[in-house]
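Peer 1: Please find the sequence and the predicted model below.
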Amino acid sequence: MDITYIIPAYNRKWCLEKAISSCKMTNLKYEIIVIDDGSTDGTNEWLKTRQDIILISQPNQGKDWAVNKGFKNAIGRYIRFLDSDDWLLPFSTDKLFNHAEQFNFDIVCAGYEVYSENEDFLYENKWIVCDDFLAQQLGECDSSHYSAYLFKKEFIINIPHRQEFGARDDRQFIIEAALKNPIIGYIKEPTLAHRFHSNLKLQTFDNFESCYHNLALLLIYKRAFKILSNENRLSSRYKKAGIKVLWPLAHWVAKSHIKEAVEIVNWIYDLDPNFEIPEKGILKFMYKYLGFNRTEKILSIRRAIKY
């Protein structure tokens, strides 16, 4: 088997047909594993009527448990992960596969296209060529969407999707893969159609979830930097790449946990004592002369008055 597609699904009967059908647009030998995570909208019953997939059913446990269960049953030499509301671009897997086979790549990357919920094309997010895959994944530049990638199964066999990182699980997964120094290739063509939801409940988190996922992202960077430090690989480049994510993260965390946000900023200055505040104008002046804590408190008052 050349390819295993792994699609976790929860109450996605409305879009699964497109996701599944898109996987078939290939000349490769493939299998499609769909893991129903305890759906209540008829998804499981509908999937049971399909003869073109391998169905795994489980009680509602979350995406990570579903993906890991699918991976354990995969027999393809390469893996593509696909969210059930997205779809693959025609014959994109063939292009990724051929490139992987030709050069023995562990991971082949590509850009993706973004569509509205009604499947109207919005824009293309092209793959950015970078000479350091880990720096790219840590935040030096855009790193695309991991469903646009093709993974050699043997390379990621000991990298599970980890439940403790919630919706940030794919970020943890790809950084963990990048830490293993994979042989990387890329193709110029986009390989994924990513659906942008106008329904805020599908696209964003409530306050509690936002706090959880922001702190999960912080944990990802603390864990990655600890590994790099222990291996004497924590270079200035990696620090600066991470700071590009940590600085805005501090702002998000400050909206609900100012103490923790200040700790992130202090960590930034520990990583780079010469860190330059990226904001411009009056905001840069405030952060520089009033400090992060006072500036964020002023901004919180302004937000409260505005809304």
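Peer 2: That came through, no problem.
Peer 1: The stretch 1-150 of the chain: strands as residue ranges?
Peer 2: Remark: strands assigned in the stretch 1-150 of the chain by DSSP state E, counting those that start in this stretch are 3-9, 30-37, 54-58, 78-81, 87-88, 107-109, 112-115, 121-125, 150-152.
Peer 1: Which residue, neighbours along the chain excluded, lies closest to residue 163?
Peer 2: residue 64 (4.4 Å; C-beta to C-beta, 6 or more residues apart in numbering). Where you see a C-beta, it was placed from the backbone N, CA and C, and this is true even at glycine.
Peer 1: what do you get for residue 188?
Peer 2: Residue nearest to residue 188 in three dimensions, not counting chain neighbours: residue 127, with 6.9 Å by C-beta to C-beta, 6+ apart.
Peer 1: before we move on, back to that, count the residues that sit near the residue nearest to residue 163.
Peer 2: 22 (other C-beta atoms under 10 Å).
Peer 1: still on that earlier bit, in JSON lines, list the strands of the stretch 1-150 of the chain along with distance to residue 214 and mean pLDDT.
Peer 2: Formatted as JSON lines, these follow (distance: least, C-beta to C-beta, whole Å; pLDDT from 0 to 100):
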{"stretch": "strand 3-9", "distance to residue 214": "23", "mean pLDDT": "98"}
{"stretch": "strand 30-37", "distance to residue 214": "24", "mean pLDDT": "98"}
{"stretch": "strand 54-58", "distance to residue 214": "28", "mean pLDDT": "97"}
{"stretch": "strand 78-81", "distance to residue 214": "23", "mean pLDDT": "98"}
{"stretch": "strand 87-88", "distance to residue 214": "29", "mean pLDDT": "98"}
{"stretch": "strand 107-109", "distance to residue 214": "26", "mean pLDDT": "98"}
{"stretch": "strand 112-115", "distance to residue 214": "23", "mean pLDDT": "98"}
{"stretch": "strand 121-125", "distance to residue 214": "23", "mean pLDDT": "97"}
{"stretch": "strand 150-152", "distance to residue 214": "27", "mean pLDDT": "98"}
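Peer 1: Might you list the low-confidence residue ranges for the stretch 201-307 of the chain?
Peer 2: Low-confidence segments of the stretch 201-307 of the chain, defined by pLDDT under 70: 201-209, 306-307.
Peer 1: returning to what we had before: tell me which of the strands of the stretch 1-150 of the chain sits nearest to residue 281.
Peer 2: Of all the strands of the stretch 1-150 of the chain, the one in closest proximity to residue 281, counting by C-beta to C-beta, is strand 121-125 (28.2 Å).
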